[in-house]
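[1] coords please:
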Amino acid sequence: YAYSTAARNNLSTEELVTALGSAVNTLPKHAVQVIRHVWNEQGKSISVSEDARSMATVGQFVDMKWKLGVAMSSNTCRSLKYPYVTVTLTVADPSGQITDKSFEMTIPQFKNFSRQFKEMAAVLETV
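    Alright, predicted model coming up:
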């Protein structure tokens, strides 16, 4: 977040360190030194990638549907009994064109996917 904000505001190393010092009183001195070093070494490339990101177009989430399925058999296996989750995301691109993107996940993959959404929700609660 600090690097992204610094890149958007074209901050120099000293401006970044000053801003961090005034905004965050509890940041340890060694952490500020690491941030200073990384910004000196990588700040230019971060700024360039931030410019590219701001120029890229981003779609908008419209809807999500999911369903649980079980593969019973295939031409190579008579008895699969393999559960899976199919997720379909509906997204509107910047021009308004609606597209659906579907993908399948195993149950462990879906549990990980669900866990990540719960983590995002918990972080959003703190904002």
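[2] CA atoms only for stretch 94-103, dumped as CSV, please.
    Output for stretch 94-103, consisting of C-alpha atoms alone and laid out as CSV, is shown next (Å, rounded to 0.1, in the frame of the first residue of the first chain):
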residue,chain,number,x,y,z
PRO,A,94,-15.7,-1.1,-19.5
SER,A,95,-17.8,-0.8,-22.7
GLY,A,96,-20.7,-2.6,-21.0
GLN,A,97,-20.3,-5.9,-22.8
ILE,A,98,-21.4,-8.7,-20.5
THR,A,99,-19.4,-11.9,-20.5
ASP,A,100,-19.6,-15.1,-18.5
LYS,A,101,-16.4,-16.9,-17.4
SER,A,102,-16.8,-20.5,-16.1
PHE,A,103,-14.4,-22.8,-14.4
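[3] Just the pLDDT at residue 106, thanks.
    Residue 106 carries a pLDDT value of 91.
[4] If you could redo that for residue 6, that was the one I meant.
    For residue 6, the model assigns a pLDDT of 76.
[5] for it, what are its contacts?
    Contact partners of residue 6, counting by Cβ atoms under 8 Å, 6 or more residues apart in numbering, are 15, 16, 19, 39, 43, 46. Where C-beta positions appear, they are placed from N, C-alpha and C, glycine not excepted.
[6] Can I have the buried ones of those as a PyMOL selection?
    One line in PyMOL is enough to select the buried members of the contacts of residue 6, burial here meaning 16 or more other Cβ atoms under 10 Å:
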select buried, resi 16+39+43
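[7] taking the contacts of residue 6 one by one, which sit in helices?
    Among the contacts of residue 6, the members falling in helices (DSSP state H) are 15, 16, 19, 39, 43, 46.
[8] Please name whichever of those scores lowest on pLDDT.
    In terms of pLDDT, residue 46 ranks lowest among the ones in helices among the contacts of residue 6, with 67.
[9] Which stretches in this structure count as strands?
    For the chain, applying DSSP state E gives strands covering 60-71, 82-92, 98-105.
[10] Including mean neighbour count and distance to residue 30, could the ones you listed go into TSV?
    TSV is the format used below for those (neighbours: other Cβ atoms under 10 Å; distance: least, Cβ to Cβ, whole Å):
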stretch	mean neighbour count	distance to residue 30
strand 60-71	11	40
strand 82-92	15	42
strand 98-105	12	41
